[in-house]
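S.K.: Could you look at this predicted model? Sequence included:
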Amino acid sequence: MSGLSVAYQKKPVLRDVTFEVNEGELIGVIGPNGAGKSTMMKAALGLIPSISGEVLVYGKPCSEQRRLIGYVPQRESVDWDFPTNALDVVLMGTYGRLGWIRRPGAKEKAEAMECLRKVGMADYADRQISQLSGGQQQRVFLARALVQNAKLYFMDEPFAGVDAATEKAIITLLQELKKNGKTVIVVHHDLATVQQYFDSVLLLNVELKGFGPTSRVFTQDMLQHTYGGRLAFLDHTIAAGATEAHGGVSL
C-alpha cells in the first residue's frame, strides 16, 4: 500500500498511508474509534473510493488479484435477515473462481462443509443465518473466507462481540492460516490480547503512527502517540500482556 488517502465530504479520514506486509504474518490494526481502520480495509479492497494512492497484491493492482483475497466484514454491516442458510453463505466464497455461469457443485459443497467443520459449524449448515447467535454468524463468515483459499485475508474486527469459545476458535484458525503461509490483516480493538495474537502491529489514527514487529511497536510511547491521552491503563495492559506472552500462553 502506497500513499492511500480517503476523504468523506472533503474531510480526510485516511491520509497518505504507506506500508508493506510480509507473507505469512498475522498483523493487527489498532487505533482509536474513528481512526480509519475499517476505511483503510475497504479502500484497499476497492469497496469505497480513495482520492490517492495504490494497493498492490503480489505486485499487481488489488482489482486484478481478487481471487487471492478473502474478506470478513464487520458483523454489523451484514443483513442477517437475508433468507439463506449457513451452507449457502459459505458457498458464496466459491463464486469468484466459478464465474457468473457455473453454479457450485458437489465438489464446492464438500469444500464448504469442510470449512464449516473447521469453525465448528458443520451441524448448523442448514440453519438460517438469522437464527444463529452473533458468534455463530461470525464463524460462518470466517468459513466463507476460508473456502476462497485466498493468500491474503482482511478481517474487520472478527473478535468483536463474540464469546470466549468463538474467540478461541478464531485465533486457532488464524494460527492455522499463518502456518499454511497465508497473510492475515485484522482490525482489532482489545489491546490486552495484541501481544498474544499478532506478529506485527499497525498503529493508525488517520495517519500511520507505527508499523512493525509487535515487540517493537506495541509500547507505551507508541500507543500514547497513537491514542493521545485516552489510555491511562496502558502500563498495566502492556505489562500484563508481556507476562502472559512470556508465560507461553497458547490458544
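M.R.: Perfect, I can see it now.
S.K.: can you pull out the helices in the protein?
M.R.: Secondary structure of the chain (DSSP state H): helices at 37-44, 86-91, 95-98, 106-118, 134-147, 164-179, 194-197, 214-217, 220-227, 234-246.
S.K.: I'd like to know how far G36 sits from I185.
M.R.: 14 Å (Cβ to Cβ, to the nearest Å). C-betas here are computed from N, CA, C, even on glycine.
S.K.: How about Q65?
M.R.: To I185, Q65 is 14 Å away according to Cβ to Cβ.
S.K.: So for these two, which sits in the more crowded spot?
M.R.: Between Q65 and I185, counted using other Cβ atoms under 10 Å, the more crowded position is I185 (22 against 17).
S.K.: what's across from the more buried one in the sheet?
M.R.: Counting by DSSP bridges, I185 is bridged to I27, F154.
S.K.: do you know how far M121 is from T84?
M.R.: Going from M121 to T84 by Cβ to Cβ gives 14 Å.
S.K.: Which one's more surrounded, those two?
M.R.: Neighbour count, other Cβ under 10 Å: between M121 and T84, M121 has more, with 24 against 13.
S.K.: What residues does that one make contact with?
M.R.: Going by Cβ atoms under 8 Å, 6 or more residues apart in numbering, M121 touches A86, Q136, R139, V140, A143.
S.K.: Could you do M41 as well?
M.R.: V29, Y71, F154, D156, I185, V187.
S.K.: Let's have those in JSON lines, adding pLDDT and distance to S2.
M.R.: What follows is the contacts of M41, written out as JSON lines (pLDDT from 0 to 100; distance: Cβ to Cβ, whole Å):
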{"residue": "V29", "pLDDT": "98", "distance to S2": "17"}
{"residue": "Y71", "pLDDT": "90", "distance to S2": "20"}
{"residue": "F154", "pLDDT": "95", "distance to S2": "17"}
{"residue": "D156", "pLDDT": "94", "distance to S2": "21"}
{"residue": "I185", "pLDDT": "97", "distance to S2": "16"}
{"residue": "V187", "pLDDT": "96", "distance to S2": "20"}
